[in-house]
Structure formats: C-alpha cells, structure tokens
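Engineer: quick one, fold the following:
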Amino acid sequence: MDLDQKTLLNLYKTMTTIRHFEERGIPETGQRQMSASVHSSAGQEAVPTGMCAHLNDDDYIGSTHRGHGHCIAKGVDPKLMMAELFGRATGTNQGKGGSMHIADMSKGMLGTNGVVAASVPLAVGAALTSKLRKLGRVAVAFFGDGAANQGVLHECMNLASVWKLPVIFCCENNGYAESTPVEYGLSVANVADRAAGYDMPGFTVDGMDVFAVYESAGLAVARARAGEGPTLLECRTYRFYGHTVFDNPLSYRTKEEEDIWRARDPLKQFRERVVPEGIITAEELDRMDQEAEELMEEAIRFADDSPMPELSELYEDVYVDYPLDMMRRGVNMAE
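Structural biologist: This next block holds a predicted model:
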C-alpha cells in the first residue's frame, strides 16, 4: 500500500465521522420534531472521503440532497451542521436551510441541494471562474444515478468539455433513483459510458472501496489541475437506509440485497485491509470511532444549547442588494 499512515488515518477519520453523524444526528433531528426531509448517506462514505482527500479549502464542491458526507469530507464543522439540522441560529445557514441547504463558502462547499442535479451547473460555474481568473482551483459536481438522466447534467458536461474546465463529475450510483432501480432508467451499462459522448475520460470504480475512489479521484483532480479538462467518475455504492427517514426501502429492495451490500461496508473493508498489514492497529481505529462518537454528542449539545433564529431575521439573506449604478444595462457586475 502506497499511502502513508497519516493519509490512512485521515481517510478513516472522515468516514467514521460521516457514519456517526448520520446514525446519531439524523434520529436526533426527528426527536426534535423537525419536519424537514433528511437523507442519510450511511454506506456511501468512501465516495466523498476518497474524492475530497485530494481537494483544498479553496477548491469547490457542489452537493446533492444526500450531502452530509460531502460537507464533512470537505471540512465543514459537524457542530454547525447539527445546529443547522436543528434549525438553530448557530447553524451553517443560521438555521434557515436545514439538511438540504447546508453551505460553507470558507470550505468551498457550494451547498447541498434539494433539486436533482441543480448543483452541477454551480460546480461548473465555479470551475469556469477558476479558469478565467487563473485561480488554479478545481470543482467537483456530485450527483446521483437519478440525476444522470437530467438534461442540465449533459449540458454541463458538454460545456465543460468544450471549454476544458477543471471539473470532475462524480456520480454516486447507489442503485436507486429514490425507489426506481438504476437499470430502469439508464440506456447504457454504466453512467461513465456516457463520457465518450463528451470527449472526456470516464471511469467506473467500486464506491464501497475508499482506496479505489482515492486512486481514481487523484487522477481526475490532477488532470483538472493540469488544464486537461473534465472527467466523469462513476462510483458504484449503496445507501444503507431508505431514500429519506420516511421511506421503507424494503418496499422496493430485498433484505438479502441489503445484507450483501452491508457486508461490503466501506469502514469494515478499510479495517480488513489495513490492520493485517500492520500499518494501523485495530485499537487506533477503535479510538477514532470513539472520538467520532464523542464529537457527535458534543455537536448535539451545541445545537441544543443554541438559540432559534429571531423572527425578525426571516427576510434576511434572501435577496442581494446591488448599488444602483451596477444595475445599468451593460455593466459587468463581476468587476
């Protein structure tokens, strides 16, 4: 294994933090009678972890409705995320956005998004900004297998290829567009096969294996930074729970199927590969699990102790006010 111990520990720390956030934080949200829909990414931890390990704070990501893992992997504070889920003023978006609208521009996190494929053009726009301003940054557009059939994705892939933008299109193919099996809506064997139509590389990797994602993501990010244009990376993964907290996944998939995928748990696979090689001990990984558990308890206390937003703030952060002299036709508002 070519990765050093520090990198390996960081990969596991990110994955276990995501897992504990999903399995501890989401139930707590329901207990506080928050009515907003929440989507767990438990089971898919290897994808954002392997991808974002190659990114800096200055790089950008566009997320999905199932975006908690993306946020954590990009460095967003879980305490602020928990406060946002609880609708508190200390949340990433002052408690006004909830699970599907978490954003942190200081980390290049352009936002989770409740509209399917809507974050893709945001990431492509960020990549265009980076290229025009020579910032040297890359952008990652996360999307699911359902979003793979949205027209805006294909427009964006075409534009990114024409302009050779530094963007990676990362498909988290978890097998279901809500409850529709991927094979019912996909005209090709793999989402990555569609890359050929836009003259960009396309790869399909095991999204339950953080090492496979890390390796392919590294190639795609390096290519983008070198000015060679976009890449389409499809990660075959699986969500352990329903589409939302209100969903019963056994209404459209079997317990046997779930058991097969759970046996390939990315955290379990990490342990089975790393510990026998003597690079990291099981005790070290157990300690990281414990630290992640303690972090979630701290996050819950922080959120519970935080105030609710004031009613007077309802209309703040809704519109942007531009100076009148910038509203004239022909004025470049970016200058």
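
Engineer: pLDDT at Glu313, what is it?
Structural biologist: pLDDT recorded at Glu313 is 87.

Engineer: what's the answer for Val331, then?
Structural biologist: 55.

Engineer: begin at 138, not 1, for the rest of this chat.
Structural biologist: Will do, 138 is the new start, and the previous item becomes Val468.

Engineer: and stretch 443-452, how far from the chain's centre?
Structural biologist: Centroid separation between stretch 443-452 and its chain, computed with CA atoms, centre = their mean, to the nearest Å, is 28 Å.

Engineer: got it, and stretch 363-371?
Structural biologist: 18 Å.

Engineer: what ranges do the helices span in the stretch 338-472 of the chain?
Structural biologist: 347-362, 392-399, 403-411, 419-442 (DSSP state H, counting those that start in this stretch).

Engineer: give me the low-pLDDT residue ranges for the stretch 138-287 of the chain?
Structural biologist: Applying pLDDT under 70 to the stretch 138-287 of the chain flags residues 138, 170, 172.

Engineer: related to what we said a few turns ago, deepest of the helices of the stretch 338-472 of the chain, which one?
Structural biologist: Burial of the helices of the stretch 338-472 of the chain is given as mean neighbour count (mean count of other CB atoms under 10 Å); helix 347-362 ranks first at a mean of 20. Placement of C-beta: from N, CA and C, glycine included.

Engineer: excluding chain neighbours, what is closest to Arg362?
Structural biologist: Val275 (5.9 Å; CB to CB, 6 or more residues apart in numbering).

Engineer: what do you get for Pro318?
Structural biologist: Gly312 (6.6 Å).

Engineer: gap between that neighbour and Glu394?
Structural biologist: 9 Å (CB to CB, to the nearest Å).

Engineer: go on, Thr368?
Structural biologist: 30 Å.

Engineer: so the most centrally placed residue in the chain versus Glu221, what's the distance?
Structural biologist: With distances taken as CA atoms, centre = their mean, His207 lies nearest the centre of the chain, 2.6 Å away. In this view, His207 and Glu221 are 14 Å apart by CB to CB.

Engineer: contacts only, for Tyr149.
Structural biologist: 404, 407, 411, 417, 422, 425 (CB atoms under 8 Å, 6 or more residues apart in numbering).

Engineer: contacting residues around the last one?
Structural biologist: When the contact criterion is CB under 8 Å, 6+ apart, the partners of Met425 are 146, 149-150, 153.

Engineer: neighbours around Cys186, how many?
Structural biologist: In this structure residue 186 is Thr, not Cys. 28 (other CB atoms under 10 Å).

Engineer: from memory it sits against Ala210, does it?
Structural biologist: Yes: with contact defined as CB atoms under 8 Å, Thr186 reaches Ala210; the gap is 5.2 Å.

Engineer: anything in contact with each of those two?
Structural biologist: Joint contacts of Thr186 and Ala210 (CB under 8 Å, 6+ apart) are 151, 155.

Engineer: what number of residues lie near Glu165?
Structural biologist: Neighbours around Glu165, by other CB under 10 Å: 17.

Engineer: so which strand or helix has it?
Structural biologist: Taking DSSP states H and E as the criterion, Glu165 maps to helix 163-168.
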